[in-house]
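> Quick one, structure for this:
(one chain, ligands or ions: 1)
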Amino acid sequence: MERNVVYSAVQPSGIPTIGNYIGSVRNWLALQEEYACYFAMANMHAITVRHDPALLRRRTLELCALYIACGIDPEKCTLYVQSQVPQHAELCWTLNSVAYVGEMERMTQFKDKSRKHEDNINMGLMDYPVLMAADILLYQTDLVPVGQDQTQHVEIARDIAIRFNNRYGETFRVPKTLVYKQGAKICSLQDPTKKMSKSDENPNACVFMTDDRDTIIRKFKRAVTDSGSEINFSEDKPGISNLLSIYCAFKNRTAEEAEREFEGMGYGDFKLCVGETVADALAPVQAEQTRILADKEYLSGVLARGAEQAFRAARKTLDKVYRKIGFYRGE
Ligand code: TRP
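This next block holds a predicted model:
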């Protein structure tokens, strides 16, 4: 029987944080055992805000090496760079005629980014969700694992698929969102009511996957906590709850187990303990990422194979789309 298809991607902009790791990549590990997985470096999405070309190229490889270091196995899934598969842009263009301007203008992320980049509200920024729909629909995807902030985009991809199917006949499988349970949202260490973001202006707000041990521990020591002295999950303790979530994710503990472990401990020692836990967990991943990055031949081989596999699957869907929509394809 054909395996169900899982699709997800991360933009190679900035350095991934432990929030990205827990929130996405780590959840992919179990999925690759069971599904036909496509994981992409979404570099075409990354140019919708101002960027440095040399840095984008470097970050793309770093992200790929990080995926592999985290345990994503290129033998089990298709790991590729989005721009190497031209069907993404081609399907995006086709879907542009099915997506409405009004629905794009209403997207939360578009509104946020428009506010943040007032001087650069480009067409690509608005079209971002359509390109994402193209990513997903090209592979006849069943499941899209994403963090909470991307669920609206998957909804739009579903709407676009349904609309296209209704208009032109059954073409796309309609994907479902898979929102992770544990650690779906890791928050800023400086403002635990906000999601941890790699583009945060305050460098103490997030822990990058490449931070060294001292930096990690320093950031945790500076993490904001709440009033009171008890270490437990609680609505009115966003800071402590966030630190506990991070601890649970890295140590594979349940909430109750973690609360019991820290019973009677002061906030200072607790923060140090979480910092050390994260530093210990990241050390082997970082060493492996460095090793892989140095092996240029291996890395380019992985990406060439990934692009080829993705290309084959994407071409099949795009052929169908072009047939349905009435594009001349030679006789
Ligand atoms: N927009 C996603 C993010 O910023 C990345 C992404 C691009 C993606 N294409 C995708 C995620 C397709 C899931 C499916 O996190």
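
> Could you pick out the residues of the protein near the ligand for me?
By Cβ under 6 Å from any ligand atom, the part of the chain that sits against the ligand consists of 7-11, 42, 45, 132, 135-136, 144, 146, 150. Using the backbone N, CA and C atoms, a C-beta is placed for each residue, glycine as well.

> got the residues you listed as CSV, with secondary structure and neighbour count columns?
As requested, those are arranged in CSV below (DSSP: H, G, I helix; E, B strand; the rest coil; neighbours: other Cβ atoms under 10 Å):
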residue, secondary structure, neighbour count
7, strand, 27
8, strand, 25
9, strand, 22
10, strand, 19
11, coil, 25
42, coil, 22
45, helix, 24
132, helix, 26
135, helix, 28
136, helix, 29
144, strand, 24
146, strand, 24
150, helix, 20
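
> Dump those to JSON lines, plus pLDDT.
Below are the residues of the chain next to the ligand laid out as JSON lines (pLDDT from 0 to 100):
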{"residue": "7", "pLDDT": "98"}
{"residue": "8", "pLDDT": "97"}
{"residue": "9", "pLDDT": "96"}
{"residue": "10", "pLDDT": "94"}
{"residue": "11", "pLDDT": "95"}
{"residue": "42", "pLDDT": "98"}
{"residue": "45", "pLDDT": "98"}
{"residue": "132", "pLDDT": "98"}
{"residue": "135", "pLDDT": "98"}
{"residue": "136", "pLDDT": "98"}
{"residue": "144", "pLDDT": "97"}
{"residue": "146", "pLDDT": "89"}
{"residue": "150", "pLDDT": "91"}
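
> Out of the residues you listed, which is nearest to residue 259?
residue 146 (28.8 Å; Cβ to Cβ).

> Just list whatever residues bridge to that closest one.
Residues in a beta bridge with residue 146, per DSSP bridges, are residue 179.

> List the buried residues of the longest helix seen in the chain.
When the chain is parsed with DSSP state H, its longest helix is helix 296-325. Residues of helix 296-325 classed as buried by neighbour count (16 or more other Cβ atoms under 10 Å): 299, 302-303, 306-307, 309-311, 313-314, 317-318, 320-321, 324.
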